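[1] How does the following fold in three dimensions:
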Amino acid sequence: MTLAQPSATSVIAPNDPSQTAASPAEQAVVFPPGDLYSDEPPLETELHLRQILLLIQCLDWLWRDRQDYYAFGNLTIYYSPKQRKSEDFRGPDFFVVLGTERRPRKSWVVWEEEGKYPHVIIELLSDSTAQTDRGLKKQLYQDTFRTPDYFWFDPHSLEFEGFHLVDGTYRPLEANDRGWRWSEQLGLYLGIHNNQLRFFTPEGNLVPSPEESAKAERQRSERLAAKLRELGIDPDEIA
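    Predicted coordinates:
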């Protein structure tokens, strides 16, 4: 599917009493309703689905006390006021918008979100999308979305690249000695761990999923209980 390009015609709000007749050279466009459902194609493979879910779960767990962002994946971003049935809209595989309300949405509708575009986008490459992700979408995110941080990752080949917007142009992000790349917007590294794209803290710690965090806590409790037993203390008797 292709992403529709923004219209060059002027835009007016619906039912605007101050509206005047547009000249043939400047035809006015009315904003469509903002309550639009996402319209995304099925994901390529199980690996793509698991990767998207992992990114969402890890960031939500890390930022569980924050209410000022929106992170989701495989969700349509409607950014053009010219919504025709003949146009297709394909959203990023994963994206983050900062400085917004954390709540469920049917889609991301730019003109209903104070004109906000994603601050971070991650595309998952596949045989059918790689060329678009490296070309058309990269150009769109650079020139129209003005998304500061853009990454792509192939769950099969493990190809991983990142870019940061500098003076209106994407510049490649240099990997550190671990192959990680820094996201200025997230304040986190992105890198490959166990063949999956993961977040890492500035200190180099893996950002866990809720399941990983719960498992680590259980293991910590088990080690503590074992140590207490070595000291002759029954951990079950400790209030």
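[2] same for whichever strand or helix holds Arg50, what does it pack against?
    Assessed by DSSP states H and E, Arg50 sits inside helix 46-62. If you count contacts as 3 or more CB pairs under 8 Å, 6 or more residues apart in numbering; DSSP states H and E, helix 46-62 packs onto strand 69-72, strand 94-98, strand 120-124, strand 196-200, helix 210-230. Using the backbone N, CA and C atoms, a C-beta is placed for each residue, glycine as well.
[3] so which of those is the most packed in?
    Of all these, strand 120-124 carries the top mean neighbour count, a mean of 25, counting by mean count of other CB atoms under 10 Å.
[4] next structured bit after that strand?
    Going down the chain from strand 120-124, the next helix or strand is helix 130-134, by DSSP H and E.
[5] Residue ranges in this protein under the pLDDT threshold?
    Along the chain, the parts satisfying pLDDT under 70 run over 1-44, 81-90, 216, 219, 221-222, 224-225, 228, 235, 239.
[6] before we move on, back to that, list the buried ones in the helix holding Arg50?
    For helix 46-62, a neighbour-count test (16 or more other CB atoms under 10 Å) marks 47-49, 51-52, 54-62 as buried.
[7] Please list all residues in contact with the most centrally placed residue in the chain.
    Nearest to the mean C-alpha position of the chain, by CA atoms, centre = their mean, lies Phe95 at 1.4 Å. Residues near Phe95 by CB atoms under 8 Å, 6 or more residues apart in numbering: 71-73, 75, 77, 108, 118, 120-122, 147.
[8] Count the residues that sit near Phe151.
    20 (other CB atoms under 10 Å).
[9] circling back to that earlier point, ok, so of the buried residues of helix 46-62, who is nearest Ser183?
    Ser183 has its nearest neighbour among the buried residues of helix 46-62 in Leu59, at 10.7 Å by CB to CB.
[10] The closest one and Tyr70, how far apart?
    Taking CB to CB, to the nearest Å as the measure, Leu59 falls 11 Å from Tyr70.
[11] I'd say Thr169 and Gln139 touch.
    No. Judged on CB atoms under 8 Å, Thr169 makes no contact with Gln139 at a distance of 10.6 Å.
[12] tell me the SS of Leu165?
    Leu165 carries the three-state label strand when classified by DSSP: H, G, I helix; E, B strand; the rest coil.
[13] Now do the same contact list for the closest residue to it other than its chain neighbours.
    Closest residue to Leu165 apart from its sequence neighbours, by CB to CB, 6 or more residues apart in numbering: Pro148 at 4.8 Å. Shown in contact with Pro148 (CB under 8 Å, 6+ apart): 119-120, 164-165, 184-185.
[14] let's go with 7 Å and repeat that
    119, 164-165, 184-185 (CB atoms under 7 Å, 6 or more residues apart in numbering).
[15] Just the buried subset of these, please.
    By 16+ other CB under 10 Å, these give 119, 164-165, 185 as buried.
[16] Can you convert these into CSV and add a column each for distance to Glu217?
    Compiled in CSV, the buried ones among the contacts of Pro148 are given as follows (distance: CB to CB, whole Å):
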residue, distance to Glu217
His119, 31
His164, 35
Leu165, 39
Gln185, 29
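[17] Spatially, which two of the residues you listed are the most separated?
    Greatest spacing in those, by CB to CB: His119 and His164 (11.3 Å).
[18] Please enumerate the shared neighbours of those two.
    Taking CB under 7 Å, 6+ apart as the contact rule, His119 and His164 both touch 148-149.
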